[in-house]
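Enquirer: Need the 3D shape of this:
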Amino acid sequence: MSGAHSGRESRFDQRFPYGVFGIVVSQVIGSFLALIPNTYFSARLVGYSLIDQVKDVIKPILAALVSGFASWCFVEQGERSLPLWIVGGGLVGLATYIAVSLLIRVEGIGLLLKKVKARKATIV
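Expert: Below is the predicted model:
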């Protein structure tokens, strides 16, 4: 047996023989199995099918993926300072998410901007 273990398996290895990858795979499978009854009843009771749900989440997911990639690129190219990674990566991600959301017209960012403008008008 190679590695840091001296002949004994750790408690984590004993409880999760497939490791973190196995945990992630089981979570994904469980989520897909839970999707079946959830989408069935939402389609039957309120007419909100799986296709409609996917259409509603595809733009925010796309914006989040671009934002995450931009943050990752910033952290990889930047200085090796943890506070800079946290603050800078967060700000780059936030700015990218807002910009991409506005560019592809994500409904949620429009609602947020309307609320902010309404609050600003009541304050002034």
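
Enquirer: Tell me how far Ile98 lies from Val75.
Expert: 19 Å (Cβ to Cβ, to the nearest Å). Backbone N, C-alpha and C define where each C-beta goes, glycine included.

Enquirer: Likewise for Val54?
Expert: For Val54 relative to Val75 (Cβ to Cβ), the value is 30 Å.

Enquirer: what do you get for Leu112?
Expert: Using Cβ to Cβ, we find Leu112 at a distance of 26 Å from Val75.

Enquirer: Look at those two and report which has more neighbours.
Expert: Neighbours per residue, other Cβ atoms under 10 Å: of Leu112 and Val75, the larger number sits with Val75, 17 against 13.

Enquirer: Show residues contacting stretch 30-46.
Expert: Applying Cβ atoms under 8 Å, 6 or more residues apart in numbering, the contact partners of stretch 30-46 are 48-50, 53.

Enquirer: Let's see that with 6 Å instead.
Expert: 48-50 (Cβ atoms under 6 Å, 6 or more residues apart in numbering).

Enquirer: among these, which are in strands?
Expert: In strands, judged by DSSP state E, none of those are found.

Enquirer: can those go into JSON lines with extra columns for neighbour count?
Expert: Converted to JSON lines, those look like this (neighbours: other Cβ atoms under 10 Å):
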{"residue": "Tyr48", "neighbour count": "14"}
{"residue": "Ser49", "neighbour count": "14"}
{"residue": "Leu50", "neighbour count": "14"}
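
Enquirer: Contacts only, for the residue nearest the centre of the chain.
Expert: Residue closest to the mean C-alpha point of the chain, counted by Cα atoms, centre = their mean, is Ala64 at 6.4 Å. Ala64 makes no contacts at all, as judged by Cβ under 6 Å, 6+ apart.

Enquirer: give me that answer again for 10 Å
Expert: 57, 93, 96-97, 100-101, 106 (Cβ atoms under 10 Å, 6 or more residues apart in numbering).

Enquirer: Can you tell me how far it is from Lys120?
Expert: 26 Å.

Enquirer: Kindly report the same for Ser71.
Expert: Distance of Ser71 to Lys120, computed by Cβ to Cβ: 28 Å.

Enquirer: Comparing those two, which residue is more hemmed in?
Expert: When Ser71 and Lys120 are compared for neighbours, Ser71 comes out ahead with 21 against 9, by other Cβ under 10 Å.
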